[in-house]
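Participant: Sharing a model prediction with you, sequence too.
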Amino acid sequence: MSAIPLHTAIQQQAADPAHSVWLAAHAGTGKTKVLVDRMLRLLLAGSAPSEIVAITYTKAAAMEMQRRIREHVQQWSHCQDEALSERLEVLLARAPDDAEMALAPTLLAKINDDRYGLQIETIHGFCQSLLQRFPVEAGLTPDFTVLDDRANRQLLQQAQAQLLQQACQDAELREAIAALARHSGDQTIGSVMDRLLDEAAVWRSWLDRADGELLWRAALYEGLGLSPHVSPEQLHAEMCAILPLSFEVMQQLAAVLRDYGTATNLRTAEVIQGWLASSRDSAALTDFSAHFVKADGAPKQLSSVITKNAIRDLPVIAGQMEHLMEWLLDAREKAAALRDVTIAQHVTTIALRLLDIHQKLKAERNALNFQDLILYTLRLLQQPEFCGWVFSQLDRRMQHILLDEAQDTSPEQWQLTHLLVEELFQPELVAQQGRSLFVVGDRKQSIYRFQGADPTGFTATQHHLETLFAAAGIPFATYTLETSFRSAQAVLALVDAVCAHPACATALAEKAVSHRVFHEGRPGKVTLWPLIEKQEVTIPRAWEIERPLYEQDTASALLAKQLSQTIAGWLKEGRPLAGKARPIRSDDILILVRQRNAFYRQLLRQLQREGVPVAGADRVRFHESQLAQDFLHLAQWVLMPSDDYALAVVLKSPLVGCSEEQLFALAHQRGEASLWQRLESMHPDIAAQLAEWQAPLPVYEWLQRIWQRHEAALYACHGAEGEDVFHQLGLQALACESERGPGLQLWLGWMRELTQGIKREQGSGGVRVMTVHGA
């Protein structure tokens with residue numbers, strides 16, 4: 001038999017369940033295969049399906065692992081002995097023994113007959129099943145439910161609405177909201193409340209402690225280098241007490257600069273004299289420091305405060321000025337820090353009330369969200385009176401734990417992992433029952449920080465487990481998969497070069513990244529385009545809008561145009577696809593973007609203008625779609641004809657097509673008349689057309705009739721992308737009617753809850769444009 005390739009040998013060693021493993025796996029190196037092989041080998045070793053717990057990041061990944069395992073055992077169930085032996089030899093890296101040959105064909109039936117079956121689930125699914133087994137011990141009722149995304153969003157909006165209502169009677173809360181609005185604008189309050197609820201676990205980790213609120217507020221002052229609970233007046237007094245120059249010295253300083261002359265020196269002397277003559281309160285200090293410190297808080301150059309000649313001829317004066325400027329910079333920084341603390345305390349006040357309201361709303365519904373599943377499970381495993389009983393029950397089932405995509409684990413999830421491992425992997429239990437742990441991940445693929453992923457925890461946990469297992473004398477191996485079965489050499493070389501950059505290497509906190517390619521000679525090419533310089537955008541006057549701002553030649557618009565024209569050129573010329581005996585097709589092309597921002601929308605628009613088939617967006621955000629907003633405003637106007645803004649949006653849309661001049665003529669000098677009344681008198685034909693849409697119809701039928709009447713205009717304006725958005729509007733109308741009932745009012749409420757948009761399956765036969773996270 002020929003020698004086993006290195007990459008295959010490492011995969012086989014990592015898949016061996018005889019020892020626990022930490023596996024660092026680069027993208028495309030076959031880590032899912034190792035996971036599946038390890039589970040299959042555990043089954044062949046006699047482990048019951050329910051004794052194996054595999055935790056992965058997404059439901060899709062869990063389903064894929066389930067599919068692969070069932071595919072294998074199904075094939076084994078009807079294989080001839082010779083074929084089965086060959087398959088098992090590839091899996092085990094040795095000839096199977098008689099027991100394995102006898103067991104393999106029965107594994108499908110064992111999995112199907114097992115009460116719990118293969119436990120391959122997300123961390124939230126695992127926590128939910130654990131809480132359902134021990135609800136009373138966790139402080140829950142047995143019939144609790146888990147909120148889906150829509151129900152959770154609805155509850156969040158309800159919590160925010162109740163918070164604003166509560167502010168009417170709560171002076172402290174009212175002041176906190178008002179202060180936040182003054183600081184950041186009223187549009188920011190909603191996003192702050194969203195963020196607070198997203199990070200509820202972090203807030204609870206502080207506020208649920210004894211004196212948690214006091215500790216949190218103290219930590220704010222300490223973190224920003226301030227004395228506890230210092231007031232603006234006290235801070236000002238503290239700073240003035242350490243002013244580096246006395247009153248008399250500053251008078252002399254001003255006099256010397258005034259005598260030296262030149263405009264710069266005279267202006268500085270005037271500012272110093274003004275400060276000395278003032279009340280020297282906080283406002284005066286702010287005005288004084290503005291002469292020496294830039295608006296962004298950075299110190300000015302000394303030569304911009306006194307001339308270079310003065311610096312040369314008056315070194316003592318120059319030194320005094322430098323001391324004064326350092327003091328002013330420190331004073332401004334401390335004042336800014338105090339403002340930050342004040343805002344943070346207002347946010348804390350809002351957080352306390354909001355989290356309390358949110359918790360009560362969930363309790364009324366006997367419901368948990370995904371964060372709660374983690375937190376309640378942590379509490380369950382940390383309660384002294386119950387954790388022994390819970391772990392004794394888990395001891396009987398959890399013999400082998402496999403963690404997938406470990407780089408995307410949050411701190412709370414790592415804490416949960418540590419509890420399980422430290423309790424279930426005690427030396428005597430491992431020796432008696434042959435327990436094993438398998439962790440696989442890749443720190444540089446940790447891209448879900450916004451969902452709590454903690455890449456530093458990934459490395460820290462590896463070291464913790466290595467220390468823990470070594471101290472207990474339990475075999476624990478570390479392997480790295482470096483051979484990519486997916487990418488070409490050119491792509492891998494680029495990744496290695498990026499990871500070799502000092503900043504990237506520091507962030508990764510691991511040894512030099514090196515990829516090996518499995519498919520030698522596979523075609524691949526990396527082309528780096530030069531950056532497009534930021535273009536000056538001419539903002540037209542309000543009455544001279546000739547074309548939308550998104551059509552201006554901004555850098556993002558130029559990049560979208562360049563990319564679209566390049567792709568259109570490939571398709572038009574029938575450019576050969578490397579490695580394939582055919583021309584390139586639109587569905588061969590995938591464009592990855594960081595965010596669904598203005599560039600994302602410009603790119604979709606430009607591709608359609610160039611005639612490039614597009615598979616559509618991977619997520620439809622109705623609040624960003626002009627077509628969706630036109631239909632939603634039409635529905636709003638149907639429900640409330642006196643809503644002038646909604647009617648104005650409809651009149652400007654392709655549904656009517658009014659020009660700016662026509663809309664101005666309708667709205668100008670109309671006195672107390674509504675826009676609808678004015679339209680009826682000035683354009684009865686348009687009014688009659690709109691009145692047709694006030695007829696009571698099921699929402700889906702209402703949408704279809706409008707589309708059929710105006711399809712040409714809508715398609716000309718929005719293209720295939722608009723048609724796709726309209727299709728999604730129809731699906732949401734049917735979903736709303738099925739869940740809540742018929743009616744425009746219910747549908748409008750339903751659509752307003754879809755703040756994050758909806759995921760959709762992209763069509764085939766077109767260029768796919770996706771975010772990195774979506775891909």
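Facilitator: Perfect, I can see it now. Residues are numbered from 1 along each chain as shown.

Participant: From here on, just use CA atoms for contacts and neighbour counts.
Facilitator: OK.

Participant: what's near enough to touch the closest residue to Thr268 other than its chain neighbours?
Facilitator: Among residues not flanking Thr268 along the chain, Val305 sits closest, at 6.3 Å (C-alpha to C-alpha, 6 or more residues apart in numbering). Contacts for Val305 were tallied using C-alpha atoms under 8 Å, 6 or more residues apart in numbering; they are Thr264, Asn265, Thr268, His291, Phe292.

Participant: can you check Val650 too?
Facilitator: When the contact criterion is C-alpha under 8 Å, 6+ apart, the partners of Val650 are Asp630, Phe631, His633, Leu634, Val656.

Participant: gap between it and Trp676?
Facilitator: When distances are taken as C-alpha to C-alpha, to the nearest Å, Val650 and Trp676 turn out to be 11 Å apart.

Participant: Now for Lys580, how many residues are close by?
Facilitator: For Lys580, the number of neighbouring residues by other C-alpha atoms under 10 Å comes to 9.

Participant: helix, strand or coil for it?
Facilitator: Local secondary structure at Lys580 is given as coil here, using DSSP: H, G, I helix; E, B strand; the rest coil.

Participant: Check Gly274 too.
Facilitator: Of the three states, Gly274 takes helix according to three-state DSSP.

Participant: As a quick check, tell me the outermost residue of this structure.
Facilitator: Outermost residue of the chain with respect to the C-alpha centroid, by C-alpha atoms, centre = their mean, is Asp259; its distance is 60.2 Å.

Participant: which secondary structure element contains it?
Facilitator: Taking DSSP states H and E as the criterion, the element that holds Asp259 is helix 247-260.

Participant: Using PDB, write down the CA coordinates of that helix.
Facilitator: Listed next in PDB are the C-alpha coordinates belonging to helix 247-260 (Å, rounded to 0.1, in the frame of the first residue of the first chain):
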ATOM      1  CA  PHE A 247      -1.900  84.200  38.000                       C
ATOM      2  CA  GLU A 248       1.100  86.500  38.100                       C
ATOM      3  CA  VAL A 249       3.200  84.200  35.700                       C
ATOM      4  CA  MET A 250       0.400  84.200  33.200                       C
ATOM      5  CA  GLN A 251       0.100  88.000  33.400                       C
ATOM      6  CA  GLN A 252       3.800  88.200  32.700                       C
ATOM      7  CA  LEU A 253       3.500  85.700  29.900                       C
ATOM      8  CA  ALA A 254       0.800  87.700  28.200                       C
ATOM      9  CA  ALA A 255       2.800  90.900  28.600                       C
ATOM     10  CA  VAL A 256       6.000  89.400  27.000                       C
ATOM     11  CA  LEU A 257       4.000  88.100  24.000                       C
ATOM     12  CA  ARG A 258       2.300  91.400  23.600                       C
ATOM     13  CA  ASP A 259       5.600  93.200  23.700                       C
ATOM     14  CA  TYR A 260       7.200  90.800  21.200                       C
END
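
Participant: can you list contacts of it?
Facilitator: In this structure, residues lying in contact with helix 247-260 by C-alpha under 8 Å, 6+ apart are Asn265, Leu266, Thr268, Ala269, Glu270, Ile272, Gln273, Leu276, Ala310, Ile317.

Participant: Residue ranges of each domain in the chain, please.
Facilitator: Domain ranges of the chain: 3-76+116-138+372-485, 148-365, 487-524, 626-759, per the TED database.

Participant: Select, out of those domains, the one closest to Phe599.
Facilitator: In terms of C-alpha to C-alpha, the element of the domains of the chain nearest to Phe599 is domain 626-759, at 15.2 Å.

Participant: chain center to that closest one, what's the gap?
Facilitator: Centre-to-centre, domain 626-759 and its host chain are 32 Å apart (C-alpha atoms, centre = their mean, to the nearest Å).
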